[in-house]
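1. Sequence first, then the predicted structure:
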Amino acid sequence: MGPVEAMMKGMAVTLRQFVSTVFGKGLVTIKYPAEMREKPQRFHGRHVLNRYEDGMEKCIGCELCAGACPAHCIYVRGADNPEDAPISPGERFGFIYEINLLRCIFCGLCVEACPTEAITHSQLFEMSTTNRADAIYTKTELLVDRDGTPNHMFESDRFADLTELAKADGWMRATSPQGRVAYEGVVAWTASAGVGVRSPEAGQSQAPVDDQSEAAVDDPPDDDPPDDALPDDAPPDDAPGDGDDH
Amino acid sequence: MDAIDLLLILARVVMVFSLLMVVTLLLVWFERKIVADMQNRVGPDRAGPWGILQTLADGMKLFFKEQITPRKVQLGLYLAAPMLAVIPAFLMFMVIPFGKPFTLTINGVARSIPLQGADINVGLLYILAMSSVAVYAIVLAGWSSGSKYPLLGGVRATAQSISYEAAMGLSLVPVVLYTGSMRLSEIVAAQSASLVFLGRELPITTWNVLVLSPSFVIFFIAAVAETNRAPFDLVEAEQEIVGGFHTEYSGLRFALFFLAEYINMFTMSALAVTLFFGGWSGPTFEGTVPLLVSGILPTVWFLAKVIVFLFIFVWLRASLPRMRYDQLMMLGWKRLIPAALAWLFFISGALAYREFGFPWS
């Protein structure tokens, strides 16, 4: 290929891209912050502390999240519920709850560890602050209001995005946790204030469904944790993704 | 020559000056937008509609920035170099006609007003001279900065400009021979007629490019090199020598170099249009449309043709990688200059035959 021919070839590439950007779909840039990209459902964004539908806090101050946290960024102190005005349904409630988001690595282990689904991720990723103290989120910011509205650290900021914060955590909507098709679409989580029972995530299993599994779907285990209530006709143990390796 | 004449001359100069300033503002934006489109990006879109005021914002920023003067500079030359870059850039455009001359009757005296800064009889020579002066700015900026990268840029500018100056000059001689004038208004006028082929008048005009296309190709390559634009931007190669000759310049002084580069780009496009593509000539629909429209249309044609060339300038920049120094020299001396010489021989032979016939007959 001669130099002139090579030059023509290169110029044709740029012209093609030019035409596709001006007239077609060549443009891939999104005009953030004016436009927002749709984030994955299980996006690991800023945490929120949820409430039950009656306004009770889900957090029981058990400190399992703090124990699970590999970055040691969560500090929890529990306290006994006052007899006359209980804050959470259990014996105790989260008295102090702080997350240092400068240390947090957004691994989601706190969410997995939580026995009451109190702490979940949101889809908010704009957490920049102008000083280190502001990066420590306390219960004031983390806990949602009684009607389920999440709080923002800087609500008056024009870039504060409450819709991103209100987006549900995909982790809490995932069904069929061990790949068992029988558990697909089975709600195994409690209702939250504001949103009620979140609907299960759609389309987890792309694998063809055989007769056995379809029979199992007809009679799903309603309120038991899946691990304890394996139906007899569940897929065999050597099915892919069916290991007990975690 | 009376006061009104002087005022008209002043008005023309101001007109050309403001035209160039506005064109530069739009041209920087135009380039950034086109390059962005070619790279699937958005480009500037914050300042004004479609980001059209981006250059204004950048200019304001540069205007208010500190002008750092390094300790090792040769102060006089260091300060003179940016001005030396801008002044020839403005002067060069002065002789290019950008519209049809019109007559204005003031106090009962009809005056013909050409739409160009000055209609001088050696216009083409003047342009070549001015473009050579512009090189001094770069060389002096590189030398007076007292720093190694600007010096390298300046040395490169010297060699590059000398090489391509020769090719450009040789490529323009056929135009002068063919049209028989160095006055740019006459060169445009010569391209306004319809082409006569085998005794029939064709609906295309006698643009010089139809006859002198080899000249045009050589001229355009040399013009890209003269304006130090990619792929010939060795003078300010960011990846190799930081910013080249303007490494040590900041603030308004840097902005002046920037301004000069874009004015030169516009002037070279305008020159290509004037010499090879009929300048402002084009259909004016005289008689069928209002006088004002048919008076403005030539300027519209001129600008439309220039924009095509500016697009090519930008397109080249978005597509081609920078040439290596030896490749640059080889293209200039071993390809363009011999080609320009051979074409000059051929065209002068052909013109001599048309004029005098064979020498033995």
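-> Right, received. Where do you want to start? Numbers count the residues shown, from 1 in each chain, chains lettered A, B, ... in the order given.

2. Name the nearest residue to residue 72, sequence neighbours excluded.
-> If you meant another chain, say so; for now it's chain A. Distance criterion Cβ to Cβ, 6 or more residues apart in numbering or on different chains; nearest residue to residue A:72, sequence neighbours excluded, is residue A:103 at 7.0 Å. In this view, the C-beta of every residue, glycine as well, is placed from N, C-alpha and C.

3. Correction: the question concerned chain B.
-> residue B:146 (3.3 Å).

4. For the lengthiest strand in chain A, which strands pair with it and how are they oriented?
-> The single longest strand within chain A, with elements called by DSSP state E, is strand A:92-100. Counting by DSSP bridges, the strands paired with strand A:92-100 are strand A:74-80 (antiparallel), strand A:136-137 (antiparallel).

5. average pLDDT across that strand?
-> Average pLDDT, strand A:92-100: 90.

6. what element comes up after it heading to the C-terminus?
-> Next along the chain after strand A:92-100, taking DSSP states H and E as the criterion, comes helix A:109-113.

7. ok, back up a step: list the buried residues of the longest strand of chain A.
-> Across strand A:92-100, burial judged by 16 or more other Cβ atoms under 10 Å in any protein chain shown covers A:92, A:93, A:94, A:97, A:98, A:99, A:100.

8. Then stretch B:60-69?
-> Going by neighbour count (16+ other Cβ under 10 Å), the buried part of stretch B:60-69 is residue B:62.

9. Also stretch A:131-151?
-> Those would be A:135, A:136, A:137, A:139, A:141, A:142, A:143, A:144, A:148, A:150, A:151, for stretch A:131-151 by 16+ other Cβ under 10 Å.

10. closest to residue B:288 among these?
-> Residue B:288 has its nearest neighbour among the buried residues of stretch A:131-151 in residue A:150, at 68.1 Å by Cβ to Cβ.

11. ok, now which ones touch the closest residue in space to residue B:74 that isn't next to it in sequence?
-> Nearest residue to residue B:74, sequence neighbours excluded (Cβ to Cβ, 6+ apart): residue B:144, at 4.0 Å. Residue B:144 makes contacts with B:73, B:74, B:75, B:76, B:77, B:78, B:81, as judged by Cβ atoms under 8 Å, 6 or more residues apart in numbering or on different chains.

12. and the residues you listed, which two are the farthest apart?
-> Greatest spatial distance among the contacts of residue B:144 (Cβ to Cβ): B:75 and B:81, at 11.0 Å.

13. ok, those two, which is more surrounded?
-> It is residue B:81, of residue B:75 and residue B:81, that has more neighbours when counted by other Cβ atoms under 10 Å in any protein chain shown, with 29 against 9.

14. Test my guess that that one contacts residue B:135.
-> No: with contacts counted by Cβ atoms under 8 Å, residue B:81 stays clear of residue B:135, the gap being 11.3 Å.

15. Quick check: mean pLDDT of the longest helix along chain A?
-> Using DSSP state H to define each element, chain A has its longest helix at helix A:3-23. For helix A:3-23, the mean per-residue pLDDT is 87.

16. Any buried residues in that helix, and which?
-> So for helix A:3-23, counting by 16+ other Cβ under 10 Å, buried means A:11, A:14, A:17, A:18, A:21.

17. Toward the C-terminus from it, list the very next helix or strand.
-> strand A:47-49.

18. roughly how far is that next one from the heart of the chain?
-> Taking Cα atoms, centre = their mean, to the nearest Å, one finds strand A:47-49 lying 10 Å from the centre of the chain it belongs to.

19. Likewise for stretch A:45-61?
-> Taking Cα atoms, centre = their mean, one finds stretch A:45-61 lying 14 Å from the centre of the chain it belongs to.

20. That one: end-to-end distance?
-> 22 Å (Cα to Cα, to the nearest Å).

21. ok, how many other residues are close to residue B:91?
-> A total of 19 residues lie near residue B:91 under the criterion other Cβ under 10 Å.

22. Which other helices and strands does the helix or strand in which it is found contact?
-> Element membership of residue B:91, judged by DSSP H and E, is helix B:75-93. With contacts taken as 3 or more Cβ pairs under 8 Å, 6 or more residues apart in numbering or on different chains; DSSP states H and E, helix B:75-93 sits against helix B:3-38, helix B:123-144, helix B:251-276.

23. residue contacts, residue 147?
-> Answering for chain A, as no chain was given. Shown in contact with residue A:147 (Cβ under 8 Å, 6+ apart): A:193, A:194.

24. Can you look at chain B instead?
-> Counting by Cβ under 8 Å, 6+ apart, the residues that residue B:147 touches are B:70, B:72, B:247, B:248.

25. Could you report the distance from the residue nearest to residue B:74 to chain A?
-> Note on residue B:144: its distance to chain A, by Cβ to the nearest Cβ, to the nearest Å, is 36 Å.

26. One more: residue B:161?
-> Here the criterion is Cβ to the nearest Cβ. By it, residue B:161 lies 23 Å from chain A.

27. For the chain, give me the ranges with low pLDDT.
-> You didn't pick a chain, so chain A it is. When residues are selected by pLDDT under 70, those of chain A lie in A:1, A:159, A:168-180, A:201-246.

28. Let me rephrase: I mean chain B.
-> Within chain B, the stretches with pLDDT under 70 are B:1, B:194-204.

29. how about the residues of it near chain A?
-> Residues of chain B lying close to chain A (Cβ under 8 Å from any Cβ of the partner chain) are B:34, B:36-42, B:45, B:315-316, B:318-320.

30. Now flag whichever of these is closest to residue B:347.
-> Ranked by distance to residue B:347 (Cβ to Cβ), those are led by residue B:316 at 26.6 Å.

31. chain center to the longest helix of chain A: distance?
-> Put simply, helix A:3-23 sits 43 Å off its chain's centre (Cα atoms, centre = their mean).

32. for it, packing partners?
-> Judged by 3+ Cβ pairs under 8 Å, 6+ apart, the packing partners of helix A:3-23 are helix B:3-38, helix B:291-319.

33. Just want the residue of the stretch 251-361 of chain B that's nearest chain A.
-> residue B:319 (4.4 Å; Cβ to the nearest Cβ).

34. Neighbours of that residue, how many?
-> Neighbours around residue B:319, by other Cβ under 10 Å: 21.

35. Also residue B:104?
-> Neighbourhood size, residue B:104 [other Cβ under 10 Å]: 11.

36. try residue B:227
-> Using other Cβ under 10 Å, residue B:227 has 24 other residues around it.

37. Kindly report the same for the one 10 residues further on.
-> When neighbours are defined as other Cβ under 10 Å, residue B:237 has 19 of them.

38. got the contact list for it?
-> Counting by Cβ under 8 Å, 6+ apart, residue B:237 touches B:153, B:244, B:322.

39. any chance you could read off phi and psi for the last one?
-> So the one you mean is residue B:322. When read as degrees, to the nearest 10, the backbone of residue B:322 gives phi -70, psi 140.

40. If you drop the residues flanking it in sequence, what lies closest to it?
-> Computed as Cβ to Cβ, 6+ apart, the closest residue to residue B:322 that is not its neighbour in sequence is residue B:231, at 5.4 Å.

41. thought the one you found was touching residue B:323?
-> Yes: with contact defined as Cβ under 8 Å, residue B:231 reaches residue B:323; the gap is 5.2 Å.
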